[in-house]
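Q: I'll drop the sequence and a predicted model, then ask my questions.
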Amino acid sequence: EVQLVESGGGLVQAGGSLRLSCAASGFTFDDYAIGWFRQAPGKEREGASCISSRDGTTTYADSVKGRFTISRDNALNTVYLQMNSLKPEDTGVYFCNAKILRSDYWGHGTQVTVSS
C-alpha cells in the first residue's frame, strides 16, 4: 500500500523557517518523482516544488523560488522541503504527491501557518 506521511508543519513568524518531511512507503521510492503541493484557505491546490527520481532535478513555482529547497534521501525514502524567509501568503496545508502508474497518491498534509 502506497503511503505518504508529511510532518514538520507549524506556526512561525514571517521571515522564519520550517523544514517539512514526506516519508514514503509501499513503492520503489527511487523510481518516482515526488512533488510538494500546497492549498491556502479558499484556494485551489497548487504545485510548489518537485524533485525527479534518480538525478534529483528540481523545479519550483515562481512564488517560492529562491526561498524553498527540495531534496530527497533515497536511503530513507524521504523528501524534504526547506522553507526559508516565510511569508504570510505561504500559509496553507502542504501535501506531498507521487504519480505512480497513472495514479496520484497524496498524504494527509501538514499545516503551515505564517503570522505577520
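A: Now that the structure is in, tell me what you want to look at.

Q: Residue 71 versus the residue sitting nearest the centre point of the chain, what's the distance?
A: With distances taken as Cα atoms, centre = their mean, the chain has residue 36 as the residue nearest its mean C-alpha position (2.9 Å). The span separating residue 36 from residue 71 equals 11 Å under the rule Cβ to Cβ, to the nearest Å. Just so you know, the C-beta spots here come from the backbone N, C-alpha and C atoms, and that holds for glycine as well.

Q: shared neighbours, these two?
A: Overlap between the neighbourhoods of residue 36 and residue 71 consists of residue 79, taking contacts as Cβ atoms under 8 Å, 6 or more residues apart in numbering.

Q: And the nearest residue to residue 29 once chain neighbours are set aside, how far from residue 34?
A: Distances taken as Cβ to Cβ, 6 or more residues apart in numbering put residue 77 closest to residue 29, at 4.3 Å, once the chain neighbours are dropped. When Cβ to Cβ is the yardstick, residue 77 and residue 34 sit 10 Å from each other.

Q: Then residue 73?
A: Where residue 34 is concerned, residue 73 sits at a distance of 11 Å (Cβ to Cβ).

Q: Number of residues surrounding residue 111?
A: With neighbours defined by other Cβ atoms under 10 Å, the count for residue 111 comes to 12.

Q: tell me the average confidence for the strand or helix carrying it?
A: Counting by DSSP states H and E, the element that carries residue 111 is strand 110-115. Over the span of strand 110-115, the pLDDT mean works out to 98.

Q: pLDDT weak spots in this structure?
A: For the chain, no stretch has pLDDT under 70.

Q: ok, what's across the strand from residue 47?
A: Note on residue 47: beta-bridge partners residue 37, judged by DSSP bridges.

Q: any idea how far residue 74 is from the nearest residue to residue 116 once chain neighbours are set aside?
A: What sits nearest to residue 116 in space, not counting adjacent residues and going by Cβ to Cβ, 6+ apart, is residue 88, at 4.7 Å. To residue 74, residue 88 is 34 Å away according to Cβ to Cβ.

Q: So for the two, which sits in the more crowded spot?
A: residue 74 (14 against 11).

Q: My read is that that one contacts residue 28, right?
A: No: here residue 74 lies out of contact with residue 28, judged by Cβ atoms under 8 Å, at a distance of 10.0 Å.
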